[in-house]
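**Q** could you look at this predicted model? Sequence included:
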Amino acid sequence: MSKLERYAKNPILTAEDVPFKVNSIFNAGAIKFQNKYLLLCRVEKPSGISSLVKAWSEDGIHFKVENRPVLTPENHQGFFEYVHWGLEDPRITRIGGIYYILYTGYSANEPVVMLAKTTDFKAFEFLGPITEPINKDAVLFPEKIDGFYWKIDRPQITQYEGDIWINRSPDLLHWGSPRRLIARRKALWDGDKIGASTPPIRTERGWLMLYHGVRTIGMSMIYRQGVLLLDSENPAKVLGRSNEPILSPEMPYERQGDVPNVVFSTGWIPEPDGTIKIYYSGADSNICLATTTVDYLLSQCDPVEDSQ
Ligand code: BMA
């Protein structure tokens, strides 16, 4: 395979596949757990408030959604005030035997990044907000680098503007040494807002991850996916960035839905043969699959100028 291919029968999950009443299912974190593919999906209830539900698969394509959400605003005792309007857009990172979930807590306090951890995806420990508002689209690196945990997130200047930042922590709770990782590129596909999409994976050339870029045209905000390559030893150093998106809304299920013209990924699963399954959502209304190779994504990373 030389490039990225959408699964022919996309979308792989829609609201009709959810065994309880929802408006939509989208933006799933993804991981392999006990030899199965696990998606932790955002489900928006008819009320408009989102929770997170698990969906399981043997082959990474055909998923069965569980009967009820596993993470809800109501089960966030002690932290309800940060999530009472919903839990959104989970990203999963495994460090050793522990699975960490970074997700958006939405409330009257505006969006913050929340952290929870689990070893079995049944019992979860809530560690609460790990940023101030407004911040979202956070991903955690899967190992310590230079003695620290590292995360990437997106503090927002306004509702419509924000760059991607990186910071580090000795304990996953206290974060510091923030650096701006990459900025928006005015007039390009990622000119108005950017954010981390998938947790970084280690490759022979550095840390590889997907990010999303937004370009606003008239009333329309178009969300696309690009790639970033970061230095293995110093992830605050950017080695590569795609000048063109690797995935753009083209298909009807990406163009039409609750938010038109959106492709948005929050999870991917690398396979031992060098292929990688990218789970993404079209138009905030479904879950889709695209497959590519790590080599192809690396080939899409263009050299960067210091000013980026
Ligand atoms: C982002 C987040 C995502 C959403 C995307 C596209 O800002 O709110 O949850 O999928 O916009 O609408």
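**A** Sure thing, it's come through.

**Q** beta partners for C41?
**A** V53 (DSSP bridges).

**Q** list the contacts for it?
**A** 13, 25-28, 52-55, 65, 287 (Cβ atoms under 8 Å, 6 or more residues apart in numbering). From N, CA and C alone the C-beta is placed, and that goes for glycine too.

**Q** equivalent analysis for P200, please.
**A** 139, 141-142, 152, 207-209, 230, 235.

**Q** kindly report the same for Y37.
**A** Here Y37 is in contact with 30, 56-60, 63, 269, 277 (Cβ under 8 Å, 6+ apart).

**Q** next, it: secondary structure please.
**A** The three-state assignment at Y37 reads strand, by DSSP: H, G, I helix; E, B strand; the rest coil.

**Q** how much space separates it from I12?
**A** 11 Å (Cβ to Cβ, to the nearest Å).

**Q** specify which member of the contacts of P200 is nearest to the ligand.
**A** Using Cβ to the nearest ligand atom, V139 is the member of these that lies nearest the ligand, at 13.9 Å.

**Q** kindly state the beta-bridge partners for the closest one.
**A** Here V139, judged by DSSP bridges, has bridge partners I152.

**Q** okay, now it: neighbour count?
**A** If you count neighbours by other Cβ atoms under 10 Å, V139 ends up with 28.

**Q** distance-wise, check it relative to G282.
**A** 21 Å.

**Q** do N67 as well
**A** 25 Å.

**Q** swap in A28?
**A** From A28 to G282 the distance is 13 Å (Cβ to Cβ).

**Q** more neighbours: N67 and G282, which one.
**A** Set side by side, N67 and G282 show more neighbours around G282, with 29 against 9, by other Cβ under 10 Å.

**Q** which element, helix or strand, includes the closest residue to that one other than its chain neighbours?
**A** If the residues on either side of it in the chain are set aside, G282 comes closest to E254, at 3.7 Å by Cβ to Cβ, 6 or more residues apart in numbering. Using DSSP states H and E, E254 maps to helix 252-255.

**Q** other SSEs contacting that helix?
**A** Packed against helix 252-255 by the contact rule (3 or more Cβ pairs under 8 Å, 6 or more residues apart in numbering; DSSP states H and E) you find strand 275-282.

**Q** any idea of the mean pLDDT for the helix holding E254?
**A** Mean pLDDT, helix 252-255: 98.

**Q** what's in contact with it?
**A** 10-11, 249, 261-263, 282-283, 285-286, 288.

**Q** please repeat the previous calculation with a cut-off of 6 Å.
**A** Here helix 252-255 makes contact (Cβ atoms under 6 Å, 6 or more residues apart in numbering) with 11, 249, 261, 263, 282-283, 286.

**Q** what comes into contact with stretch 49-64?
**A** So stretch 49-64 is in contact with 13, 36-37, 39-44, 65-66, 69-72, 86-88, 90, 277, going by Cβ under 6 Å, 6+ apart.

**Q** what does stretch 258-275 give?
**A** Residues contacting stretch 258-275 (Cβ under 6 Å, 6+ apart): 24, 27-30, 32, 89, 91, 197-198, 201, 210, 212, 222-223, 225, 247, 249, 254-255, 276-281, 283-285, 291, 293-294.

**Q** then the next helix or strand along the chain from the helix holding E254 to PDB, C-alphas only?
**A** Sequence-wise, the next helix or strand downstream of helix 252-255 (DSSP H and E) is strand 263-270. This file holds the C-alpha atoms of strand 263-270, laid out as PDB (Å, rounded to 0.1, in the frame of the first residue of the first chain):
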ATOM      1  CA  VAL A 263     -12.600  14.600   9.200                       C
ATOM      2  CA  PHE A 264     -11.400  14.300  12.800                       C
ATOM      3  CA  SER A 265      -9.200  11.500  14.300                       C
ATOM      4  CA  THR A 266      -8.600  10.800  17.900                       C
ATOM      5  CA  GLY A 267      -7.200   7.300  17.700                       C
ATOM      6  CA  TRP A 268      -5.100   4.900  15.600                       C
ATOM      7  CA  ILE A 269      -3.700   1.400  16.000                       C
ATOM      8  CA  PRO A 270      -0.400   0.400  14.500                       C
END
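
**Q** for this protein, just list every one of the helices.
**A** Remark: helices assigned in the chain by DSSP state H are 252-255, 294-299.

**Q** hang on, the earlier thing: the contacts of Y37 into TSV, with extra columns for neighbour count?
**A** Shown next, in TSV, are these (neighbours: other Cβ atoms under 10 Å):
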residue	neighbour count
A30	27
W56	16
S57	15
E58	11
D59	8
G60	19
F63	24
I269	19
K277	19
